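Engineer: when you get a sec, could you give me coordinates for this:
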Amino acid sequence: MKALNHQNIVNLREVLASKTKLYIVMDLVRGGELFDMIERQGELDEALARKYFQQLIDGIYYCHRRGVCHRDLKPENLLVDEKGSLKITDFGVSSMRGGAGGGGSDLLYTACGTPYYCAPEIISGAEEGYSGVKIDAWSCGIILYLLLTGTLPFQHDDMPRLYELINACKVPYPPWMGGDAKDLISRLLVKDPTQRYSLEDVMKHPWFLVDYVAANTSTHSERLGGSTESDGSDRPKHRTRKNSTNSGGGSAASGSTGDSVAGGAGGSGRRAANLTAKYEGRDLEDFVKDALAGKPQRKIDVIVQRLEDIDVDCVDDMQVVADTMGGADKMTKWLVDNPKIPAITAMRIARMFFG
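Structural biologist: Residues are numbered from 1 along each chain as shown. Below you'll find the predicted structure:
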């Protein structure tokens with residue numbers, strides 16, 4: 001733990017020893033366990049679940065970059081401080097890459113972890129060796145499912161039956177779960193660890209990127225936000241803030257298009273498709289329904305209301321915005337900054353005009 005210092009980890013401050021006692025001084029976290037929060041209220045609001053999951057991934061990815069695998073990730077080991085920030089704790093069965101028992105390789109051999117959160121390769125036999133980073137990724141998938149549903153994907157009081165369910169890896173998704181969330185979980189809860197999402201993959205997933213602001217690790221000379229350029233490290237490329245929009249620019253409400261985001265969808269300077277004829281005489285709601293196909297009516301109503309609140313109350317007005325912005329990136333940013341539309345939703349609307 002002394003090798004770790006991150007805003008989403010319960011940091012070790014000092015170790016003191018007497019002749020009979022060992023004293024470990026750690027951060028004080030007053031908010032309690034995430035497990036208790038879920039037990040009290042069941043599934044969390046999707047935005048709050050996403051926030052905690054983003055912080056979990058930030059913290060564990062930081063550990064992995066330092067060669068540390070947690071190996072016992074579960075809500076009981078995730079604390080919440082007074083400000084609502086997630087803190088990862090209990091590194092009692094963690095392992096350092098190339099440490100004792102590993103023979104200098106990246107494979108681990110000790111069966112450990114809590115059964116409900118264990119990956120199939122741990123259950124089927126740790127003697128063959130397994131990737132610590134991939135079992136942490138599996139546990140993150142279990143935690144995300146729990147955050148969104150209030151239940152575990154694999155449950156049974158009989159341990160042999162529980163292990164059978166985990167090995168079968170058939171996840172029961174509730175019908176109301178959003179498609180992006182389901183897609184991310186399905187890529188984490190994969191039996192074959194070589195096909196399972198890595199944390200780098202998670203950080204590029206659309207569901208994860210909504211309202212994502214990377215953890216500030218500048219004290220370690222490795223701030224992870226914003227840049228799409230590789231610095232030669234193993235950090236994921238194309239890390240974004242606010243879904244690849246330009247977080248440093250101002251509002252485009254006055255008609256200024258600002259700077260484009262290089263390499264983003266749609267680019268800049270493109271002529272928007274003219275949709276006024278297609279939607280002539282139709283309500284703005286019809287356009288939003290087409291842009292957000294499959295979304296519930298309450299979601300449609302919220303987006304329409306936010307647009308109307310800034311006097312965008314017909315498709316002609318949306319066409320003016322698209323023509324002024326001149327690209328999907330700029331239009332997405334404008335929709336995020338002005339009617340305060342969530343980034344993924346803003347992208348879908350912008351793509352109606354820019355493909």
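
Engineer: so where's this structure uncertain?
Structural biologist: Filtered on pLDDT under 70, the chain yields the residue ranges 1, 3, 91-114, 125-130, 216-270.

Engineer: helices along the stretch 251-355 of the chain, start to end?
Structural biologist: For the stretch 251-355 of the chain, the helices defined by DSSP state H, counting those that start in this stretch cover 284-291, 297-309, 315-325, 328-337, 343-354.

Engineer: next, format those helices as JSON lines and append distance to residue 199 and mean neighbour count.
Structural biologist: C-betas here are computed from N, CA, C, even on glycine. Converted to JSON lines, the helices of the stretch 251-355 of the chain look like this (distance: least, Cβ to Cβ, whole Å; neighbours: other Cβ atoms under 10 Å):
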{"stretch": "helix 284-291", "distance to residue 199": "31", "mean neighbour count": "18"}
{"stretch": "helix 297-309", "distance to residue 199": "29", "mean neighbour count": "15"}
{"stretch": "helix 315-325", "distance to residue 199": "34", "mean neighbour count": "19"}
{"stretch": "helix 328-337", "distance to residue 199": "25", "mean neighbour count": "27"}
{"stretch": "helix 343-354", "distance to residue 199": "20", "mean neighbour count": "22"}
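
Engineer: could I get these as a markdown table with distance to residue 56?
Structural biologist: Formatted as a markdown table, the helices of the stretch 251-355 of the chain follow (distance: least, Cβ to Cβ, whole Å):
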| stretch | distance to residue 56 |
| --- | --- |
| helix 284-291 | 31 |
| helix 297-309 | 26 |
| helix 315-325 | 35 |
| helix 328-337 | 24 |
| helix 343-354 | 20 |
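
Engineer: which one of those helices lies closest to residue 28?
Structural biologist: Set against residue 28 and scored by Cβ to Cβ, the helices of the stretch 251-355 of the chain come closest in helix 343-354, at 34.7 Å.

Engineer: sorry, back to before: mind checking the helices of the stretch 251-355 of the chain for the one nearest to residue 75?
Structural biologist: helix 343-354 (25.9 Å).

Engineer: by how many degrees do that closest one and helix 315-325 diverge?
Structural biologist: Relative orientation of helix 343-354 versus helix 315-325 (axes from the mean of the first three to the mean of the last three Cα atoms, to 10 degrees): 90 degrees.

Engineer: count of residues packed around residue 327?
Structural biologist: Neighbour count of residue 327, defined by other Cβ atoms under 10 Å: 24.

Engineer: how about it, phi and psi?
Structural biologist: phi -180, psi 150 (degrees, to the nearest 10).

Engineer: out of the helices of the stretch 251-355 of the chain, which is closest to residue 32?
Structural biologist: With Cβ to Cβ as the yardstick, what comes closest out of the helices of the stretch 251-355 of the chain is helix 343-354 (30.6 Å).

Engineer: for the closest one, packing partners?
Structural biologist: helix 206-209, helix 284-291, helix 315-325, helix 328-337 (3 or more Cβ pairs under 8 Å, 6 or more residues apart in numbering; DSSP states H and E).

Engineer: in CSV: the ones you listed, plus distance to residue 83.
Structural biologist: What follows is these, written out as CSV (distance: least, Cβ to Cβ, whole Å):
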stretch, distance to residue 83
helix 206-209, 21
helix 284-291, 35
helix 315-325, 36
helix 328-337, 24
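
Engineer: and the helices in the stretch 101-250 of the chain?
Structural biologist: 120-124, 132-149, 159-168, 179-188, 199-202, 206-209.

Engineer: specify the stretch among those helices that is closest to residue 19.
Structural biologist: With Cβ to Cβ as the criterion, residue 19 lies closest to helix 132-149 of the helices of the stretch 101-250 of the chain, at 35.4 Å.

Engineer: neighbours around residue 168, how many?
Structural biologist: Neighbour tally, residue 168, other Cβ under 10 Å: 11.

Engineer: where is the longest helix in the chain?
Structural biologist: helix 46-65 (DSSP state H).
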